[in-house]
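> Sequence and predicted model, in that order:
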Amino acid sequence: MSKTNPGNFFEDFQVGQVIEHATPRTVTEGDRAAYGSLYPTRFAIPSSAAFAASVGLEQHPVEELIGFHIAFGKTVPDVSLNAVANLGYAECRFHQPVVPGDTLATKSEVIGLKQNSNGKSGVVYVRSTATNQRGEVAIDWARWVMVHKRDQSLEAPETVIPELAKAVDPKNLIVPKGLDFSSYDFTAAGELHRLADYEIGEKIDHVDGVTLTASEHQQATRLWQNTAKVHFNVEARPDGRNLVYGGHIISLARALSFNGLANAQLVAAINAGAHTSPAFAGDTVYAWSEVLDRVETDAPGVGALRLRLVATSGRDESMTLRGEDAKYAPGVLLDLDYWALIPA
Amino acid sequence: MSKTNPGNFFEDFQVGQVIEHATPRTVTEGDRAAYGSLYPTRFAIPSSAAFAASVGLEQHPVEELIGFHIAFGKTVPDVSLNAVANLGYAECRFHQPVVPGDTLATKSEVIGLKQNSNGKSGVVYVRSTATNQRGEVAIDWARWVMVHKRDQSLEAPETVIPELAKAVDPKNLIVPKGLDFSSYDFTAAGELHRLADYEIGEKIDHVDGVTLTASEHQQATRLWQNTAKVHFNVEARPDGRNLVYGGHIISLARALSFNGLANAQLVAAINAGAHTSPAFAGDTVYAWSEVLDRVETDAPGVGALRLRLVATSGRDESMTLRGEDAKYAPGVLLDLDYWALIPA
Amino acid sequence: MSKTNPGNFFEDFQVGQVIEHATPRTVTEGDRAAYGSLYPTRFAIPSSAAFAASVGLEQHPVEELIGFHIAFGKTVPDVSLNAVANLGYAECRFHQPVVPGDTLATKSEVIGLKQNSNGKSGVVYVRSTATNQRGEVAIDWARWVMVHKRDQSLEAPETVIPELAKAVDPKNLIVPKGLDFSSYDFTAAGELHRLADYEIGEKIDHVDGVTLTASEHQQATRLWQNTAKVHFNVEARPDGRNLVYGGHIISLARALSFNGLANAQLVAAINAGAHTSPAFAGDTVYAWSEVLDRVETDAPGVGALRLRLVATSGRDESMTLRGEDAKYAPGVLLDLDYWALIPA
């Protein structure tokens, strides 16, 4: 029998099944540097150990997305090696900061299944949990992907569609232990805007653009041990082009959003995310944000902004998400809905 | 007199000569991250400090090939700056895991010389030893290279050809201190196959491919402080293309071999290696392995597999090493013979 | 009002104004590895913790240019986002080695202003100081840039041109605490040449060349959190090409200078620097040096060489800085005047 991993097909999943994903991975200061070489990130907390200490954090966390990409990458060999498409995320929460030395392991429970009417594929819903070396939850999230069937003659399983929140309720946002923004240094952080300066409905054009190169997205994707072939092997796609990992666009857009959202320091939750168009080397990626909600938290001086982060190929100063046909406007690559912690 | 290093030519070597190579180098957690951004590696021991501890290792080792490339790179300015070709390796053993904080220095002894019949070049055999900051041997190996003569009128030296083992005797394999695979977590490691599941003669197609880019092989080669011009300078070769460092192909093939050999956790020895064809940016590299031997060791639960690791440009599902003419099949880039430690 | 940073224009600067630059940044071992993957550097002190300890350094410093690029990058969003050109550096001194764990923050004082006769732009002179998390000076330097005016109708400010030394007086060079070259290991360092072996006026062709790729300069520039658009966004320049950050050329040339100046271990000061031509991916960069001065210092066994480091696109074995017209020769990319510490 073949010793290599063929990945799971739609019929290999059952509701209630728990999959322990392989190859736990230790996060190091090397990851912080590699991340900084790949994305133009400047948020003061992950940039500066001194700043992190000044806002009450005991250790110097890495960007939340480093933890997310690693934790997510673990699920690929089991969940999405035979995926047609990543359909969505929901209910992603960052339970505690990931710091160098933490080892992340991920497991997933199948929480829903729905075969497509064509009988060739189906949607698999999983809830994934990344824990650290102490067994504490670091990140959890739900995700659904469309996966090929191996044997199209098999009967469809019972349809189970899980109820997933449209957005994480702000009452359920987790603020890192000790976080205190009451003596926050706005000069060091790079901008003066605080929670009250952002209006619901306000849009912010983040101005800067980054042209994707052939190497960088592959280096990033490899760093997260994400094994999806389409990112690395030009022979894996008919057009001979490597598809850029969607998480690369998330990180790039988040880094670009510094310019206008420098104080949206920490990602607390991801409510929803859609990769609406593929991206390739040569594309120049821009980002804009829309303020969806704002709340205070119980932590001293800490508020939360709900933001829509949109990445586009080519700059769209009109910041148009959807056309008149309600479809995503041409050039939109990513529509991400998340909560960020910001000085109140 | 010129202050720059012209490298040694064939006539500069004498049997018995010992060369202390320059610029010792400290290995850091940064190297682990850089390696992970350049190769799709997922072996659980170097990936996870928690997994490494669970199999009895006191510190979290980096991949053996990080140590090998660094130690090898040290020899380039003295041994192979004027090399026509790297002809082979033998008797390479990893004496102890390299961990972040270790400083590696390499010295080489000339153990053989044979001038070519054309009088223009000759083969130099060296035995190289990398030691750490405590003076302990970390890695040693033999290597032979064809080197240009500077002055072709000089007489040939006495021919000395060292006896080198075809393979490291399994009795001489060194198992890292403390290694214990008796409670090995196969789920976390990613596959269920143990020593007994591999048959001598069995071949494994590792399935996945990686397209080489212009930057990544240079970044890797630089990281190991390997100074061979052909890797960095398009003006150094008539075809204007940068040659990919052979060690890059070794690391890439080893990482690809995870898919089918996930439990071949640690490289204990390299028996032989041939870089059979040059590789360039744009090539898509695949790998397959052949099981050459399998043995148990005295360490608890630890066996060893002798493997042939073959890298190819383009996938060869037939896994053909040589054609009917006994020459390497077209597309074969690397033929590496090594011992790996695996749960028994 | 827009929340994004438009950068400062000429009329936004006043002599005496102090700007605290945003986003302090912690240096890590990850930066050392990233630097080593981007530049072919082999200087023994930053390469080896053991070598650094052997010359009296308590901690293992990173290359001075890592500190310089980070500290410099901090100033870009405030000082040079709207710059037409970087005109020069002066009086840059490295006050103490930067080691992993240090957090660098930079502030600048405006020390001069001179509007151009065309009324469209002007020259801004700043003195910048990078301090560590203990508030100690790590690096300081003066720099002048030509910056656009936003409103060309505004009157010119009073012209103030600061007096800047042509070169740092050797009496003012700072030798790192504890540095002692009296038992220096020349074999480990890679060359035998000491201070007395270099003649004033001597030129050294560093021989090796490196072809610039599309990714590496961007990764470097991002690592230093330098946000100048022209390096990342092909849509930011009419020719659709990303300009290589001048600091990338400095680091590359410095690394290439190892071959002939391996013992010029530490950069103590930068006297002057001019980026004389733009560089792009595909250019092959070479370097040569000229010895401008040599002095002893009070530290045991420590001398200092004043060097002109010249980077060229394409190799110029004639090592010609300027043509008969006194202009920089074609192909010259960088003319950097600095002091390096070397065994006396």
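All right, it came through fine. None of these values were measured; they are calculated from a predicted model. Numbering: from 1, shown residues only, chains lettered A, B, ... in the order given.

> Can you show me the helices along the stretch 201-344 of chain A?
For the stretch 201-344 of chain A, applying DSSP state H, counting those that start in this stretch gives helices covering A:216-223, A:246-256, A:258-261.

> Return the list of helices and strands in contact with the first one.
This points to helix A:216-223. Under the contact definition 3 or more C-beta pairs under 8 Å, 6 or more residues apart in numbering or on different chains; DSSP states H and E, helix A:216-223 sits against helix A:29-38, helix A:64-75, helix A:246-256, helix B:29-38. Quick note: C-beta positions are derived from backbone N, CA and C, even for glycine.

> Go again with 6 Å.
helix A:29-38, helix B:29-38 (3 or more C-beta pairs under 6 Å, 6 or more residues apart in numbering or on different chains; DSSP states H and E).

> which residues of chain A score low on pLDDT?
For chain A, applying pLDDT under 70 flags the ranges A:1.

> quick one, what contacts A:Thr320?
A:Ala329 (C-beta atoms under 6 Å, 6 or more residues apart in numbering or on different chains).

> which stretches of chain A form strands?
Assigned by DSSP state E, chain A shows strands spanning A:18-20, A:25-26, A:83-94, A:103-115, A:121-131, A:137-148, A:203-205, A:210-211, A:266-275, A:284-296, A:302-313, A:332-343.

> Tell me which of these approaches B:Asn263 most closely.
Counting by C-beta to C-beta, B:Asn263 lies closest to strand A:18-20 out of these; the figure is 15.9 Å.

> Adjacent strands (with direction) for the closest one?
According to DSSP bridges, strand A:18-20 forms sheet pairs with strand A:103-115 (antiparallel).

> Give me the residues contacting the strand it pairs with.
With C-beta under 6 Å, 6+ apart as the test, strand A:103-115 has contacts from A:13, A:15, A:17-21, A:24-26, A:70-71, A:74-75, A:122-123, A:125-131, A:133, A:156-157, A:159-162, B:48-50.

> Then stretch A:253-267?
Stretch A:253-267 is contacted from outside by A:39-43, A:45, A:64, A:189-191, A:204, A:206-208, A:287, A:289, A:305, A:309, A:311, A:334, A:338, A:340-343, C:3-5, using C-beta under 6 Å, 6+ apart.

> And it, end to end?
13 Å (C-alpha to C-alpha, to the nearest Å).

> and A:Ala83, what is it in contact with?
Residues counted as contacts of A:Ala83 (C-beta under 6 Å, 6+ apart) are A:Val145, A:Val147.

> and A:Tyr184, what does it touch?
So A:Tyr184 contacts A:Pro343 (C-beta under 6 Å, 6+ apart).

> So which bits of the stretch 1-150 of chain A are right by chain B?
By C-beta under 6 Å from any C-beta of the partner chain, the part of the stretch 1-150 of chain A that sits against chain B consists of A:3-5, A:20, A:22-26, A:28-31, A:34, A:103, A:133.

> how much space is there between A:Arg134 and A:Leu104?
Distance of A:Arg134 to A:Leu104, given as C-beta to C-beta, to the nearest Å: 11 Å.

> More neighbours: which of these two?
For A:Arg134 and A:Leu104, the more surrounded residue by other C-beta atoms under 10 Å in any protein chain shown is A:Leu104, and the numbers stand at 24 against 9.

> now A:Ala50: how far from chain C?
For A:Ala50, the distance to chain C (C-beta to the nearest C-beta, to the nearest Å) stands at 4 Å.

> same check, this time on A:Gly122
A:Gly122 is 39 Å from chain C, by C-beta to the nearest C-beta.

> Tally up the residues packed near that residue, please.
Using other C-beta under 10 Å, A:Gly122 has 24 other residues around it.
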